[in-house]
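3D model of this:
(chains A and B)
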Amino acid sequence: QQQVKQSPQSLIVQKGGISIINCAYENTAFDYFPWYQQFPGKGPALLIAIRPDVSEKKEGRFTISFNKSAKQFSLHIMDSQPGDSATYFCAASKGVGTASKLTFGTGTRLQVTL
Amino acid sequence: GAVVSQHPSWVICKSGTSVKIECRSLDFQATTMFWYRQFPKQSLMLMATSNEGSKATYEQGVEKDKFLINHASLTLSTLTVTSAHPEDSSFYICSGGGGTGELFFGEGSRLTVL
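Next up is the predicted model:
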């Protein structure tokens, strides 16, 4: 059962453009939604995360938008750069404690072209 | 963010042998750590939850006798793939969390079984 659906599977954006990745979840008990960035051959790195008590969180060029009623959240990368080319995973968990299991989306391969 | 170190980062072994992968939290103590498996161009699949001083909790479908997990201290969890076969070839990643409640991932260990 895929509890977190992620789209698109792949994305090509020109340098300076906006990259948008969407995720939808089914389990209403989820209350922590992080995004991870993964480069080939490396482990995922935490990018930004949001709790459902806010609708938007911004850190530098990265913004999470959260729609609790629609059970959807998205990652926006502003002014996309070639160095942003990587695979991005959304995730969700019940609780934000260190014992909380993450359920991952299927991933989006982003390529930023010159 | 917190640092999680994995060793080895890359290992090749013969079919039928056992391989041990170490996961260390370098700047925090972790009572709980998670082990994931990732096939090429796929998402992370949770294998088991490693609990310090007690038995690991395995996800459905994961053979506990094949993937032995030991969490003997607050900074070290190990995954041993016993009697490895080519189908066990994969990218294994551990994660743990520090005081912020966020989970951080190791760099991953690529296992190739010949």
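
now do the strands in chain A.
For chain A, applying DSSP state E gives strands covering A:4-7, A:10-14, A:19-25, A:33-38, A:45-50, A:56-59, A:62-67, A:72-77, A:86-92, A:103-104, A:108-113.

residue contacts, B:Leu114?
Contacts for B:Leu114 (Cβ atoms under 8 Å, 6 or more residues apart in numbering or on different chains) come out as B:12-15, B:86. Every residue, glycine included, has its C-beta placed from N, CA and C.

what about it, distance to B:Ser43?
Distance of B:Leu114 to B:Ser43, computed by Cβ to Cβ, to the nearest Å: 26 Å.

and if you look at B:Leu103?
B:Leu103 sits 15 Å away from B:Ser43, going by Cβ to Cβ.

same check, this time on B:Ser25
From B:Ser25 over to B:Ser43 (counting by Cβ to Cβ), the distance is 24 Å.

ok, now A:Gly60?
For A:Gly60 relative to B:Ser43 (Cβ to Cβ), the value is 25 Å.

higher neighbour count, the two?
B:Ser43 (19 against 10; other Cβ atoms under 10 Å in any protein chain shown).

my guess is that one meets A:Thr103, correct?
No: using Cβ atoms under 8 Å, B:Ser43 is not in contact with A:Thr103, being 9.6 Å away.

neighbours around A:Thr28, how many?
10.

which residues of chain B lie near chain A?
Neighbours of chain A within chain B, by Cβ under 8 Å from any Cβ of the partner chain: B:1, B:4, B:6, B:30-32, B:34, B:41-44, B:46, B:49, B:93, B:95-98, B:101-108, B:110.

can you say which of those are buried?
B:4, B:6, B:30, B:32, B:34, B:43-44, B:46, B:49, B:93, B:95-98, B:102-108, B:110 (16 or more other Cβ atoms under 10 Å in any protein chain shown).

if I look at the closest residue in space to B:Lys14 that isn't next to it in sequence, how far off is A:Gly41?
Spatially, and ignoring its direct neighbours in sequence, B:Lys14 is nearest to B:Leu114 (5.6 Å; Cβ to Cβ, 6 or more residues apart in numbering or on different chains). For B:Leu114, the distance to A:Gly41 equals 20 Å [Cβ to Cβ].
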